[in-house]
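Asks: give me a 3D structure for the following:
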Amino acid sequence: MFDSLQSRLGGVFDKLRGRGALTEADVDAALGEVRTALIEADVALPVVKDFIEKVRPRAIGEDVIRSVQPGQQVVKVVHDVLVETLGQENATLDIGSPPAPILMVGLNGAGKTTTSAKLGMMLQNREKKRVLMASLDVTRPAAMEQLKILGEQAGVATLPIIAGQGPVEIARRAMASAKVGGYDALILDTAGRQHIDEQLMLEVAAIRDQVKPHETLLVADSLTGQDAVNIAKAFNDRVKLSGIILSRADGDARGGAALSMRAVTGAPIKFLATGEKLDALEPFHPGRVAGRILDMGDVVSLVEKAAETIDKEKAEKLARKMKKGEFDMNDLAEQLRQMKKMGGMQGVLGMLPGVAKAKEQLAQSGMDDKVLTRQEAIISSMTREERAKPDVINGSRRKRIAAGSGVEVSEVNKLLKMHRTMADVMKKMGKGGRAMQGLSALFGGGGGMPPGMPPGGMGRR
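Replies: Numbers count the residues shown, from 1 in each chain. As a prediction, this is how the structure comes out:
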């Protein structure tokens, strides 16, 4: 979502970091480029103006200009103002006295119904809350059935559908059912329209007055750019938003909506929907997002994601095997699956500091997450014996494995070479060797791709 903004700002700050001393004119020239980058990223003009006005006096202060690394200090100032613009910290949901009504509002096509199911699943699985969902959308065909199906997939209860009831009547019935059923939270998915109109606002206001929601969350499509800001302002003026969820945050958005909406409405961005799967909803942490934009990385989120996705029992089993110096193809396949769960190579790289250029090189080399899928296919084409004892794979077996997985023999060779290097690393670590030396060997000693995977290698056919 923030890739284009990250790339533009990275170029600006690279120039500053390369200078031993900065003048006021240097800072002004850099801020001019920052301003252009923000405008191109669809950040609202008033927000851009306010942002630059906050950054400039701090960036040209004596503490910055006369510091040992003035370029780094300017980046820190921009980071701090980014955090202020996005909100100082993650804004949590207000789940007070049950059943806490959560009103979901937005336009058609923003992903409101799917996001409602994602939120319900998150509250139920991570927060251990009992959740009931109800669709109040009587205008869009099959909207109620869609939420019912999503509820079944997410394991979240939905209000039984009764034909002929209006939105306010359904909301009233949902509140009564949530109280009787002992639910902690009630998610109400309201109807949307193709554009803001008076009928939509009157309907949402009537539902709000009926249920008195603890949270009124706007689901906004991050791909809509400047329009998303106008939509947020219109809803906030009429029903007072308590938070915003940006959908399609994994798409090709410029990121300007995220920077603008908090400043324009005063409502914090609480969640990002980062994929199509029902578990693809993550809390919005302003400091971490600012770090990603400025290529400082987001190691905390990476660790949290790892903790959520890594199977503890499998990890302990692998650790025991590593101590014995064992690492077979089954272990490699598990590591590939784990990386895919964590967002693939791009997802993991995006959370590491200083890797924006590495991501560009990765894209140019043709290395993408399809490589992980092909590597899994190669391993799946091996017999049990071959996966457990890769050393038995001779020339004829390599040809059979390549044919079975639909790749060239050279790709099988590269995967086997990568496995051999990783196995050597595991042996060193298992024997008490220095872990960093092993990891350095794994990545070719210079932080590049593993041996057998040169630029343009397995990514091209």
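
Asks: what's the following helix or strand after whatever helix or strand Ala228 lives in?
Replies: According to DSSP states H and E, Ala228 maps onto helix 226-239. Beyond helix 226-239 in the direction of the C-terminus, DSSP H and E gives the next helix or strand as strand 243-247.

Asks: and that next one, what does it pack onto?
Replies: helix 112-125, strand 215-221, helix 256-265, strand 269-273 (3 or more CB pairs under 8 Å, 6 or more residues apart in numbering; DSSP states H and E). C-beta here means a position set from N, CA and C on the backbone, and glycine is covered the same way.

Asks: what's the average pLDDT for it?
Replies: For strand 243-247, the mean pLDDT works out to 89.

Asks: that strand pairs with which strands, and in what direction?
Replies: In the sheet, strand 243-247 lines up against strand 215-221 (parallel), strand 269-273 (parallel) (DSSP bridges).

Asks: residues touching it, excluding its own?
Replies: For strand 243-247, contacts defined as CB atoms under 8 Å, 6 or more residues apart in numbering pick out 1, 91, 93, 110-111, 114-115, 119, 215-222, 232, 257-258, 261-262, 265, 267-273, 281, 284.

Asks: quick one: secondary structure of the residue of the chain positioned farthest from its centre?
Replies: Within the chain, the residue lying farthest from the chain centre (CA atoms, centre = their mean) is Ser396, at 43.1 Å. At Ser396 the chain is in helix, as set by DSSP: H, G, I helix; E, B strand; the rest coil.

Asks: that one and Glu326, how far apart?
Replies: 26 Å (CB to CB, to the nearest Å).

Asks: show me where this structure has its strands.
Replies: In the chain, the strands defined using DSSP state E lie at 100-105, 131-135, 157-158, 185-189, 215-221, 243-247, 269-273, 281-283.

Asks: circling back to that earlier point, could you export the strands paired with strand 243-247 as a markdown table, including mean neighbour count and mean pLDDT?
Replies: Below are the strands paired with strand 243-247 laid out as a markdown table (neighbours: other CB atoms under 10 Å; pLDDT from 0 to 100):
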| stretch | mean neighbour count | mean pLDDT |
| --- | --- | --- |
| strand 215-221 | 25 | 90 |
| strand 269-273 | 24 | 88 |
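
Asks: closest to Ala25 out of these?
Replies: strand 269-273 (35.3 Å; CB to CB).

Asks: list the contacts of the residue farthest from the centre of the chain.
Replies: By CB under 8 Å, 6+ apart, Ser396 has no neighbours at all.

Asks: re the thing from before, of all the helices and strands packed on strand 243-247, which lies closest to Lys54?
Replies: helix 256-265 (10.9 Å).

Asks: what's the closest one in contact with?
Replies: Contacts with helix 256-265, where a contact means CB under 8 Å, 6+ apart, come from 1-2, 5, 38, 41-44, 46-47, 50-51, 82, 85-87, 220, 222, 224-226, 228-229, 232-233, 236, 241, 244, 246, 267-269, 289.
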